[in-house]
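the sequence and its predicted three-dimensional model are supplied below.
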Amino acid sequence: MTESPTFERYIGDALAGRVTEQGQLLQLYRNYLLVLAASQLGADLRQRLSPSDLVQEAMLAAFKGLATFRGRTEAEFLGWLRQILVRCLHRQLMVHVGREKRDLRREITVEQIGRSMANASWSGRPEFQSEHSSPSAQVIRQERAVIMANELSRLSPDHRDVVVLRTFQSLGFRDIAEKLGKSEGAVRMCWLRAIDQLRKNMEGSEL
C-alpha cells in the first residue's frame, strides 16, 4: 500500500478556492468519516439511512463550507469534519427518529471515537499484532486515525462495524449484537473473521 497524499499537499490551494484540490483534500478523509458514521447507526436507522449516505451529506457540507475552516493542522481539520458529521447526524435523527428521541450523547460518542482512533496504536492492541508487520512504524508515518480508517474500509461493512464498535466504543458482544440486529454468536464469528482479515491486510502493507 502506498502512502496517501498529505494534508499539507492540498490544504493551501483548497482554502484558496481551487475546486480540484478541495475535492482531493476531502477525499483523503472519506474513509475516516465512514468509520465514524458506521459506528453511530443502529440496525433500525440503517434501514432508512446508510453510513455512506450520511458521509456523502457531510462531505458536501464540508465542500460548501471549506472557506470557514480556520485551523492549520490536520488534527484541527479532522475535528472540523467530525463536527460537520455530528450536525448531519443530528439532522437525520430528527428526520427519521424525531426531535424528542434524538440522542444528544452521539456528539460525545463521535468525538470520543475520533480521539481514540487518533490516539490508538496498532502495536498496543494484541488482536492487530502480526509478526510480519511493524504497526508502530506504520502509525508514525501518517495520522493514526486516517490510517486505521483506510485499513478498516478494506473490510466488509459488517466486519468493519464490529471492529469499530468492539475496539473504539468498547462494547461487549451482546451490546454489539443488539445494536446491529444480529445474534451474539454471529457477532463473535464476524469479529474473529474481521481480525483475521485485518492481520492479512497489514502483512501485505508497505506502510
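Great, that's in hand.

could I get the pLDDT score of the residue nearest the centre of the chain?
Centroid-nearest residue in the chain, with C-alpha atoms, centre = their mean: residue 35, separated by 2.5 Å. At residue 35, the pLDDT value in this model is 86.

what distance separates the one helix or strand it maps to from the centre of its chain?
Under the criterion of DSSP states H and E, residue 35 resides in helix 30-40. Chain-centre distance of helix 30-40: 3 Å, with C-alpha atoms, centre = their mean, to the nearest Å.

just the helices in this structure please.
For the chain, applying DSSP state H gives helices covering 7-15, 19-27, 30-40, 43-46, 51-65, 74-96, 105-119, 135-141, 144-152, 157-163, 173-180, 184-203.

re earlier: which elements pack onto the helix holding residue 35?
With contacts defined as 3 or more C-beta pairs under 8 Å, 6 or more residues apart in numbering; DSSP states H and E, helix 30-40 has these neighbours: helix 51-65, helix 74-96, helix 105-119, helix 144-152, helix 157-163. For the C-beta atoms, the positions are set from N, CA and C on the backbone; glycine is no exception.

before we move on, back to that, could you find the closest non-adjacent residue to the residue nearest to the centre of the chain?
For residue 35, ignoring the flanking residues on the chain, the nearest one in space by C-beta to C-beta, 6 or more residues apart in numbering is residue 149 at 4.5 Å.

residues touching that neighbour, list them.
29, 31-32, 34-35, 117 (C-beta atoms under 8 Å, 6 or more residues apart in numbering).

which helix or strand in this structure has the lowest average pLDDT?
helix 135-141 (a mean of 39; mean pLDDT, DSSP states H and E).

the helices of the chain: lowest mean pLDDT?
Looking at the helices of the chain, the weakest mean confidence is helix 135-141, a mean of 39.

tilt between the helix holding residue 35 and helix 173-180?
Computed with axes from the mean of the first three to the mean of the last three C-alpha atoms, to 10 degrees, the direction of helix 30-40 lies at 100 degrees from that of helix 173-180.

could the helices and strands packed on helix 30-40 be laid out in CSV, adding distance to residue 183?
Putting the helices and strands packed on helix 30-40 into CSV (distance: least, C-beta to C-beta, whole Å) gives the following:
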stretch, distance to residue 183
helix 51-65, 22
helix 74-96, 25
helix 105-119, 24
helix 144-152, 23
helix 157-163, 13
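
rewinding a little: now the helix holding residue 35: buried residues?
30-40 (16 or more other C-beta atoms under 10 Å).

which residues are contacting it?
51-52, 54-55, 58-59, 78, 81-82, 85, 89, 106, 109-110, 113-114, 117, 145-146, 148-150, 152-153, 157, 160-161, 164-165, 168-169.

7 Å instead?
Helix 30-40 has contacts (C-beta atoms under 7 Å, 6 or more residues apart in numbering) with 51-52, 54-55, 58-59, 78, 81-82, 85, 89, 106, 109-110, 113-114, 145-146, 149-150, 152-153, 157, 160-161, 164-165, 168-169.

for these, which PyMOL command selects only the ones that are buried?
This is how PyMOL selects the buried members of these, with burial counted by 16+ other C-beta under 10 Å:
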select buried, resi 51+54+55+58+59+78+81+82+85+89+106+109+110+113+114+145+146+149+150+152+160+161+164+165+168+169
